[in-house]
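Q: coordinates only, no sequence provided:
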């Protein structure tokens, strides 16, 4: 028989306590952390730009170019207002595209939906065989059985163990939005990355200009900035902006990398899973046709990029021609 808790030594109690705990990072915790990083970085960057960087850049010079006046009679340059509008616009577009990216409800394969020809049972009980051939109830070729959802799933869809759904044309699960990137929100994922690149690049320029006005060029290197901070040779504001500068560089580089990968596989008519497996059976004849499947027509593409709209796509996610 095992010892009672009262008779255990401190070491045994500690072993029992930590042996029963799971220290593996949980998906929900990773999602909360990643989403928090996005929001903290986005909002702090906007606040830093509007309250510190833009006033320092536009209102500290001797020359003024007409416009309104601040308290004290100082002329406010017209460019300052345009810069403020640009920051607000970038913030609004980034948040809008993130929200459309997060809303993955359109990508979910409904559990009550059968194959498109209506031959499948409403509950998805008739599944294709393991080779993707039509099943006993006439399910179309390419449809396969999802053992988790207990239903037939269309081609290019995959089950997400985090979202607990089968996702139409699933590409990957994005922790930064807490949703899967699939048929209906892949374009918004790319638009979100584009706005992150634009906002981060603009921030890097403004942050670098601010630091070079306040400090010497060596301050851009973290060890030098840390030394000056410890020896009280700089301000906390300059040190925080230096840290934020490197975060902006990392954000821009990461977004560029993701965006380059996405545009590459889209041009080939693939998802990330298909690209890693070397599959290209759904590839269109031209790269333009492949892009059209994701972004829609040129007019729809432009509208979705600059306006809070989600135009319909040419594909329904159920029928795919090999």
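A: Thanks, I have it. Treat the numbers as computed from the prediction; the structure is a model and nothing was measured.
Q: how many other residues sit next to residue 12?
A: Residue 12 has 12 neighbours, counted by other C-beta atoms under 10 Å. Every residue, glycine included, has its C-beta placed from N, CA and C.
Q: that should have said residue 179, apologies.
A: Counted with other C-beta under 10 Å, residues neighbouring residue 179 total 22.
Q: let me see the contact set for the nearest residue in space to it that is not next to it in sequence.
A: Counting by C-beta to C-beta, 6 or more residues apart in numbering, residue 179 lies nearest to residue 104, which is 3.7 Å off, once chain neighbours are set aside. By C-beta atoms under 8 Å, 6 or more residues apart in numbering, residue 104 lies in contact with 163, 167, 179, 180, 181, 182, 184, 185.
Q: next one: the last one from residue 311, what distance?
A: The span separating residue 185 from residue 311 equals 13 Å under the rule C-beta to C-beta, to the nearest Å.
Q: of those two, who's got more company?
A: Each of residue 185 and residue 311 had its neighbours counted (other C-beta under 10 Å), and the higher figure belongs to residue 185 (27 against 14).
Q: can you count the residues close to residue 144?
A: Residues lying near residue 144 (other C-beta under 10 Å) number 20.
Q: list the beta-bridge partners for it.
A: Following DSSP bridges, residue 144 is listed with bridge partners residue 153.
Q: flag the shaky bits of the chain, pLDDT-wise.
A: Applying pLDDT under 70 to the chain flags the ranges 1-7, 13-27, 60-75, 112-139.
Q: apply 50 and report the result again.
A: Applying pLDDT under 50 to the chain flags residues 1, 62-67, 71, 118-136.
Q: mind listing the helices for the chain?
A: 10-19, 27-48, 54-58, 78-102, 186-214, 222-230, 236-267, 272-277, 287-295, 298-306 (DSSP state H).
Q: which of these sits most buried?
A: Comparing the helices of the chain by mean neighbour count (mean count of other C-beta atoms under 10 Å), helix 186-214 ranks first with a mean of 20.
Q: for that helix, what is the distance to the chain centroid?
A: Centroid separation for helix 186-214 versus its chain: 15 Å, with C-alpha atoms, centre = their mean, to the nearest Å.
Q: try stretch 142-149
A: 27 Å.
Q: buried residues in it, which are they?
A: 142, 143, 144, 145, 146, 149 (16 or more other C-beta atoms under 10 Å).
Q: just checking, the third one touches residue 153?
A: Yes. In this structure, residue 144 is within contact of residue 153 by C-beta atoms under 8 Å, at 5.9 Å.
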